[in-house]
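J.: no FASTA, just this:
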């Protein structure tokens, strides 16, 4: 895998989801500029939602995160209208889509992390919440706020999420979650003498503390100012200080680092390191830790489980999607024209296609496996019609496929599970406006 192959693959997965998901309105499927942190449009991408559809970056059931972030005064990364940004590859949005169901459901936390942690019981970390976002701790250990209140998730050391639990031995522990997706750090940072010295003054005493969490004798702190090591260092120092102070009543504080194992570009983010300690970020970081059990790797594949996240999460983020078919009409295009369409119900489907390279499906499994599926939004009157007698659905599919014809053709129509097949001759739709009487 090349350094950019993972991100490129995720762009393709996101773009395919945007076409086929029933959770987006028609115009939301269009390509759009990325809206950056300044609110300015950049480029034009299939994996970005139109600005007015940015809230749909959150999956169904997760829109309560907008109110939660507002209550906790957490800013969204490149947020739009006090909601999430429009980039489908946002790691913050993926984190919220995965973890939001856990805020009020501790069993999901146990199912997700129970194989990594000794979780006997999940405790409330905030009133009426078992998980929270952008955790910064109760104390500004590093004077990041310069005497002012810190903002969770902005200009201070934050962890994307956190939860509190008791172990089978009765010990209280705090888990801090950092979430990575397609991130990579391959640009060399331009040194800034004044800012760099401020950072060294701020974090240096804890970094060099012999009882601290990191082996400062292995790497000079000036090299730790490069990402991703700068963030890794700050978060580990915060976890250590929280544990020393028994913050939230926790005797142990661990960082759970969510990172796709195939994101090679992240692992290669060793811009100025001489690689004597290792040839990947993980290899270097593991050598710097005094207590490796305080930093735990999490494979995000664990979240591709409906009992942990949701069907919609799996459909969006799984490389193979769910291979499940929602109710409604789906279409397939070739060279921009619709060449096949299906009407799907819970235990049956109708199929219609023109002469095309698509092989006629003989069951739901084959239908779900056909690539490049697009959701076809129905108007209210079309919904009413298509759920009536089955011949209405067949007629609708024939009309949809015939719209894409440029010459006379034979449509192949079939029903499943009856597996009946019918061949119907069709002409392209006629433009009759020029004829007398029309």
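T.: Okay, I see it. Because the structure is predicted, anything quoted here is derived from the model rather than measured.
J.: Pull out the buried positions in whichever strand or helix holds residue 397.
T.: Assignment of secondary structure by DSSP states H and E places residue 397 within helix 390-402. Neighbour-count burial for helix 390-402 flags 393-394, 396-398, 400-402 (criterion: 16 or more other C-beta atoms under 10 Å). From N, CA and C alone the C-beta is placed, and that goes for glycine too.
J.: ditto for stretch 73-87
T.: Of the residues in stretch 73-87, those scored as buried under the neighbour-count criterion (16+ other C-beta under 10 Å) are 74-76, 78-80, 83-87.
J.: again, but for stretch 287-300
T.: By 16+ other C-beta under 10 Å, the buried positions in stretch 287-300 come out as 288-289, 294-296, 298, 300.
J.: Columns distance to residue 157, secondary structure and pLDDT on top of the buried residues of stretch 73-87, output as TSV?
T.: Rendered in TSV, the data for the buried residues of stretch 73-87 read as follows (distance: C-beta to C-beta, whole Å; DSSP: H, G, I helix; E, B strand; the rest coil; pLDDT from 0 to 100):
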residue	distance to residue 157	secondary structure	pLDDT
74	14	coil	98
75	15	coil	98
76	18	coil	98
78	20	coil	97
79	20	coil	97
80	26	strand	97
83	25	strand	98
84	22	coil	98
85	22	coil	98
86	27	coil	98
87	24	strand	98
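J.: Nearest to residue 176 among those?
T.: For these, the residue nearest residue 176 by C-beta to C-beta is residue 74; the value is 15.4 Å.
J.: Let me see the contact set for that closest one.
T.: Under the criterion of C-beta atoms under 8 Å, 6 or more residues apart in numbering, the contact partners of residue 74 comprise 68, 133-134, 151-153.
J.: Highest neighbour count among the residues you listed?
T.: Neighbours were tallied for each of the contacts of residue 74 (criterion: other C-beta atoms under 10 Å), and the maximum of 24 neighbours falls on residue 133.
J.: Test my guess that that residue contacts residue 72.
T.: Yes. Using C-beta atoms under 8 Å, residue 133 makes contact with residue 72 at a distance of 7.1 Å.
J.: follow-up on the earlier one: centre of the chain to the helix holding residue 397, how far?
T.: Centroid separation between helix 390-402 and its chain, computed with C-alpha atoms, centre = their mean, to the nearest Å, is 36 Å.
J.: Output the contacting helices and strands for that helix.
T.: When contacts are defined as 3 or more C-beta pairs under 8 Å, 6 or more residues apart in numbering; DSSP states H and E, helix 390-402 sits against strand 328-334, strand 337-344, strand 349-353, helix 380-386, strand 409-416, strand 420-426.
J.: which one of the buried residues of stretch 73-87 is nearest residue 63?
T.: Comparing these against residue 63 with C-beta to C-beta places residue 83 closest, at 8.5 Å.
J.: what's that closest one in contact with, if anything?
T.: Residue 83 neighbours (C-beta under 8 Å, 6+ apart): 54-55, 58, 66, 76.
J.: rerun at 10 Å
T.: Each residue near residue 83 by C-beta atoms under 10 Å, 6 or more residues apart in numbering is listed here: 54-58, 63, 65-66, 69-70, 76, 93.
J.: next one: residue 313
T.: By C-beta under 10 Å, 6+ apart, the contact list for residue 313 reads 59-62, 94, 97-98, 100-101, 303-306, 322.
J.: Give me the buried subset of the residues you listed.
T.: When burial is judged by neighbour count using 16+ other C-beta under 10 Å, the buried members of those are 59, 62, 94, 97-98, 100-101, 303-304, 322.
J.: Give me the neighbour count for the nearest residue to residue 421 once chain neighbours are set aside.
T.: Closest residue in space to residue 421, ignoring its immediate chain neighbours: residue 414 at 4.5 Å, by C-beta to C-beta, 6 or more residues apart in numbering. Other residues lying near residue 414 total 20 when counted by other C-beta under 10 Å.
J.: Can you tell me which of the buried residues of helix 390-402 is nearest residue 19?
T.: Ranking these by separation from residue 19, with C-beta to C-beta as the measure, puts residue 400 on top at 15.7 Å.
J.: Would you confirm that that closest one contacts residue 377?
T.: No. Here residue 400 does not reach residue 377: they are 11.9 Å apart, not a contact under C-beta atoms under 10 Å.
J.: Need the overlap of contacts for these two.
T.: residue 329.
J.: list the residues that contact both of residue 133 and residue 72?
T.: With contacts taken as C-beta under 10 Å, 6+ apart, residue 133 and residue 72 have 152-153 as neighbours in common.
J.: quick revisit: dump the helices and strands packed on helix 390-402 into a markdown table; add distance to residue 113 as well.
T.: Rendered in a markdown table, the data for the helices and strands packed on helix 390-402 read as follows (distance: least, C-beta to C-beta, whole Å):
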| stretch | distance to residue 113 |
| --- | --- |
| strand 328-334 | 35 |
| strand 337-344 | 35 |
| strand 349-353 | 39 |
| helix 380-386 | 41 |
| strand 409-416 | 41 |
| strand 420-426 | 50 |
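J.: Would you format these as TSV with distance to residue 142 and mean pLDDT included?
T.: Rendered in TSV, the data for those read as follows (distance: least, C-beta to C-beta, whole Å; pLDDT from 0 to 100):
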stretch	distance to residue 142	mean pLDDT
strand 328-334	52	92
strand 337-344	55	93
strand 349-353	59	95
helix 380-386	57	87
strand 409-416	62	92
strand 420-426	70	91
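J.: between these, which gets nearest to residue 269?
T.: When the helices and strands packed on helix 390-402 are compared by C-beta to C-beta, strand 328-334 sits nearest residue 269, at 38.4 Å.
J.: Adjacent strands (with direction) for that closest one?
T.: strand 337-344 (antiparallel), strand 374-376 (antiparallel) (DSSP bridges).
J.: Out of the ones you listed, which one sits most buried?
T.: Looking across the strands paired with strand 328-334 with neighbours counted as mean count of other C-beta atoms under 10 Å, the highest average goes to strand 337-344: a mean of 22.
J.: Could you tell me the phi and psi values at the residue nearest to residue 344 when sequence neighbours are not counted?
T.: Using C-beta to C-beta, 6+ apart and skipping residues adjacent in sequence, the residue nearest residue 344 is residue 325, 4.6 Å away. The phi/psi pair for residue 325 (degrees, to the nearest 10) reads phi -120, psi 120.
J.: ok, residue 325 touching residue 363?
T.: No. Residue 325 sits out of contact with residue 363 when judged by C-beta under 10 Å, with a separation of 11.4 Å.
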